[in-house]
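Undergrad: sequence first, predicted coordinates after that:
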Amino acid sequence: MALRITVIGTGYLGATHAAAMAELGFEVLGLDIVPEKIEMLSAGRVPMYEPGLEEILQKHVAGIEGSTGRLRFTTSWEEAGTFGDVHFVCVNTPQKHGEYACDMSYVDSAFESLAPHLSRPALVVGKSTVPVGSAARLSRRLAELAPAGTDAELAWNPEFLREGFAVKDTLHPDRIVIGVESERAEKTLREVYAGPIAEGSPFVVTDFPTAELVKTSANSFLATKISFINAMAEVCEAADGDVVKLAEAIGYDERIGKKFLRAGVGFGGGCLPKDLRAFMARAGELGADQALTFLREIDSINMRRRGHMVELAREAVGGDSFLGKRVAVLGATFKPDSDDVRDSPALNVAGQIHLQGGQVTVYDPKGMENARKLFPTLGYAGTALDAVRGADVVLHLTEWREFRELDAVELGKVVGRPIVLDGRNALDPAVWREAGWTYRAMGRPKA
């Protein structure tokens with residue numbers, strides 16, 4: 001009999017995972033405690049922007065004409081517990097307010113709500129990013145609460161989704177990592193991921209602690225690489241070097257590689273910053289804080305980049321004050337191909353300049369609605385052209401393709417002063433200068 005799958009939590013991770021499991025051929029039931037979200041998903045619509053996700057939802061959601069009907073949604077824990085053989089827990093683990101540590105309340109609540117309805121053998125699979133040691137604790141709690149006892153087993157299967165590529169990363173992962181305590185759990189997950197495994201996706205089997213550490217370690221490494229090149233950008237600023245050429249040169253070394261070596265305003269989003277801090281907090285609890293002290297500097301370098309962009313903008317408008325100055329910000333999301341504005345460097349810079357008296361106007365292809373909710377006092381424009389109209393300086397802070405393809409000549413006709421600060425080192429300096437702009441990029445004082 002084919003496995004039936006539930007997905008607990010239908011946010012960015014859960015909605016994507018549910019749709020992908022249906023695409024892989026499974027009967028899937030998604031659960032969320034927010035009725036409005038369930039209503040939206042049941043109509044084949046998604047509450048966030050993720051390329052390809054809405055199309056795959058509409059292909060499988062029950063009740064939509066022409067769909068396979070393999071995917072349904074509910075708010076009932078009883079229905080989920082009865083339905084599923086494998087239960088994926090995909091709820092959020094935000095940073096605790098006023099602390100570095102991870103807030104486990106959503107994960108704990110999901111287990112407390114699901115377990116009492118597991119009356120037959122089942123596998124509960126954690127996908128949320130959690131502090132190491134959480135899986136062992138949750139495994140014990142699961143056995144205590146579930147009527148099935150130890151037949152309600154736990155596995156840990158960290159996610160490695162990139163926003164903008166989440167559907168691809170789920171259906172065709174570059175690796176699958178599972179932390180298990182039995183052959184039965186491993187066999188079940190090999191069945192769930194049979195499609196990707198057949199395509200050649202590596203399947204790594206490990207214990208609970210290692211599986212938990214893989215995600216936080218991976219994110220910490222990526223953050224380290226980003227902050228390294230941004231530290232080199234600071235040195236290039238002082239030494240009149242060119243960080244783009246520097247990155248190109250060291251990137252040819254296959255031990256280093258070219259990815260994540262673009263200097264700019266740094267990283268943001270809902271994962272890297274909070275996972276980095278939670279990792280440091282957990283290491284301290286384990287008495288291994290000295291092993292991760294370097295991550296504090298990684299975090300510090302990242303935050304300094306935002307302040308440096310504010311200073312570059314201040315210099316561009318005269319060096320004294322933003323009062324009475326008009327600043328255009330191209331970008332609101334933390335990265336392109338997403339509508340996610342969580343801990344966005346672009347909005348952070350825009351907000352700082354606004355607080356210092358600047359008249360800031362923001363434009364982003366997909367993040368405007370979320371940006372307005374977070375920073376309602378900023379100005380917003382419907383197009384890039386309207387955003388730069390009359391501006392004393394233009395800041396490029398999210399590397400959307402639309403911005404790379406802007407007509408610098410047309411923008412130059414409406415801007416107040418043709419000065420562009422490239423906070424992502426993604427624009428072509430020659431094109432903008434030829435159009436009459438003063439171009440300045442981070443880590444490239446002479447470029």
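TA: Looks like it came in fine. Numbers count the residues shown, from 1 in each chain.
Undergrad: right, and Gly416 touches Val394 too?
TA: No: contact criterion Cβ atoms under 8 Å: Gly416 and Val394 do not qualify, at 9.6 Å. Where you see a C-beta, it was placed from the backbone N, CA and C, and this is true even at glycine.
Undergrad: more crowded one of the two?
TA: Val394 (29 against 16; other Cβ atoms under 10 Å).
Undergrad: OK, contacts around that one?
TA: 327-328, 330, 388, 411, 415, 419-421 (Cβ atoms under 8 Å, 6 or more residues apart in numbering).
Undergrad: would you map the helices across the stretch 1-150 of the chain?
TA: Counting by DSSP state H, counting those that start in this stretch, the stretch 1-150 of the chain has helices at residues 12-23, 35-42, 53-60, 77-83, 105-114, 134-145.
Undergrad: return the most buried member of those.
TA: Mean neighbours per residue, mean count of other Cβ atoms under 10 Å, is largest over those for helix 12-23, with a mean of 27.
Undergrad: flag the shaky bits of the stretch 301-447 of the chain, pLDDT-wise.
TA: Along the stretch 301-447 of the chain, no part satisfies pLDDT under 70.
Undergrad: swap in the stretch 51-200 of the chain?
TA: Using pLDDT under 70, nothing in the stretch 51-200 of the chain is flagged.
Undergrad: go again with 90.
TA: 95-100, 162-164 (pLDDT under 90).
Undergrad: could I get the full set of strands for it?
TA: Taking DSSP state E, counting those that start in this stretch as the test, the strands found in the stretch 51-200 of the chain are 71-74, 86-89, 122-126, 152-156, 176-179.
Undergrad: and the stretch 201-350 of the chain, by the same measure?
TA: Counting by DSSP E, counting those that start in this stretch, the strands of the stretch 201-350 of the chain are 203-206, 326-330.
Undergrad: just name the most buried of these.
TA: strand 326-330 (a mean of 28).
Undergrad: may I have the strands that pair with it, each with its orientation?
TA: Within its sheet, strand 326-330 is paired with strand 359-363 (parallel), strand 393-396 (parallel), according to DSSP bridges.
Undergrad: contacts for the longest one, please.
TA: Spelled out, that is strand 359-363. 324-332, 346-347, 350, 353-354, 368, 371, 375, 378-384, 386-387, 391.
Undergrad: alpha carbons of that strand, as PDB, please.
TA: The C-alpha trace of strand 359-363 is given here as PDB (Å, rounded to 0.1, in the frame of the first residue of the first chain):
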ATOM      1  CA  GLN A 359      12.900  61.200   1.700                       C
ATOM      2  CA  VAL A 360      13.100  57.500   0.600                       C
ATOM      3  CA  THR A 361      11.200  55.900  -2.200                       C
ATOM      4  CA  VAL A 362      11.300  52.100  -2.700                       C
ATOM      5  CA  TYR A 363      10.500  49.900  -5.600                       C
END
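Undergrad: biggest helix in this protein, by residue count?
TA: Determined from DSSP state H, the single longest helix within the chain is helix 208-239.
Undergrad: that one vs strand 122-126, what angle?
TA: On the basis of axes from the mean of the first three to the mean of the last three Cα atoms, to 10 degrees, helix 208-239 is oriented at 20 degrees to strand 122-126.
Undergrad: show me what counts as buried in helix 208-239.
TA: Neighbour-count burial for helix 208-239, counted by 16 or more other Cβ atoms under 10 Å, picks out 208, 211-216, 219-220, 222-234, 236-237.
Undergrad: between that helix and helix 134-145, how many degrees?
TA: Going by the same axes, to 10 degrees, helix 208-239 makes 150 degrees with helix 134-145.
Undergrad: on that earlier part again, quick one: the strands of the stretch 51-200 of the chain as a markdown table, columns for distance to Glu199 and mean neighbour count too.
TA: Listed next are these as a markdown table, based on distance: least, Cβ to Cβ, whole Å; neighbours: other Cβ atoms under 10 Å:
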| stretch | distance to Glu199 | mean neighbour count |
| --- | --- | --- |
| strand 71-74 | 22 | 22 |
| strand 86-89 | 20 | 26 |
| strand 122-126 | 20 | 26 |
| strand 152-156 | 21 | 26 |
| strand 176-179 | 11 | 22 |
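Undergrad: pull the contacting residues for Phe322.
TA: Here Phe322 is in contact with 313-314, 353, 356-358 (Cβ under 8 Å, 6+ apart).
Undergrad: quick revisit: quick one, which of the strands paired with strand 326-330 is packed in tightest?
TA: Buried most deeply of these, by mean count of other Cβ under 10 Å, is strand 393-396, with a mean of 29.
Undergrad: please enumerate residues in contact with the helix or strand that that one is followed by?
TA: Note on strand 393-396: by DSSP states H and E, the next helix or strand toward the C-terminus is helix 401-404. For helix 401-404, contacts defined as Cβ under 8 Å, 6+ apart pick out 330-331, 336, 365, 384, 396, 426-428.
Undergrad: cool, stretch 240-253 as well?
TA: Contacts for stretch 240-253 (Cβ under 8 Å, 6+ apart): 229, 232-233, 235-236, 256-258, 261-263, 425, 441-447.
Undergrad: next one: stretch 213-232
TA: Residues contacting stretch 213-232 (Cβ under 8 Å, 6+ apart): 129, 132, 158-160, 177, 204, 206, 243, 246-247, 259-264, 266-267, 271-272, 275-276, 278-279, 282, 292, 294-295, 297-299, 301-302, 305, 443.
Undergrad: can I get that stretch in CSV, CA atoms only?
TA: The C-alpha trace of stretch 213-232 is given here as CSV (Å, rounded to 0.1, in the frame of the first residue of the first chain):
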residue,chain,number,x,y,z
LEU,A,213,24.0,20.1,12.7
VAL,A,214,24.1,19.8,8.9
LYS,A,215,21.7,22.6,8.3
THR,A,216,23.2,25.1,10.8
SER,A,217,26.7,24.2,9.7
ALA,A,218,25.9,24.7,6.0
ASN,A,219,24.3,28.1,6.7
SER,A,220,27.2,29.1,8.9
PHE,A,221,29.6,28.2,6.2
LEU,A,222,27.7,30.2,3.5
ALA,A,223,27.5,33.2,5.9
THR,A,224,31.2,32.9,6.5
LYS,A,225,32.0,33.0,2.8
ILE,A,226,29.7,36.0,2.2
SER,A,227,31.2,37.9,5.1
PHE,A,228,34.8,37.0,4.1
ILE,A,229,34.4,38.6,0.7
ASN,A,230,32.7,41.6,2.4
ALA,A,231,35.6,41.9,4.7
MET,A,232,37.9,41.9,1.7
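Undergrad: I'd like the contacts of Val394 as a markdown table, with distance to Ser42 appended.
TA: As requested, the contacts of Val394 are exported to a markdown table (distance: Cβ to Cβ, whole Å):
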| residue | distance to Ser42 |
| --- | --- |
| Val327 | 42 |
| Ala328 | 40 |
| Leu330 | 36 |
| Val388 | 41 |
| Leu411 | 43 |
| Val415 | 46 |
| Ile419 | 49 |
| Val420 | 45 |
| Leu421 | 45 |
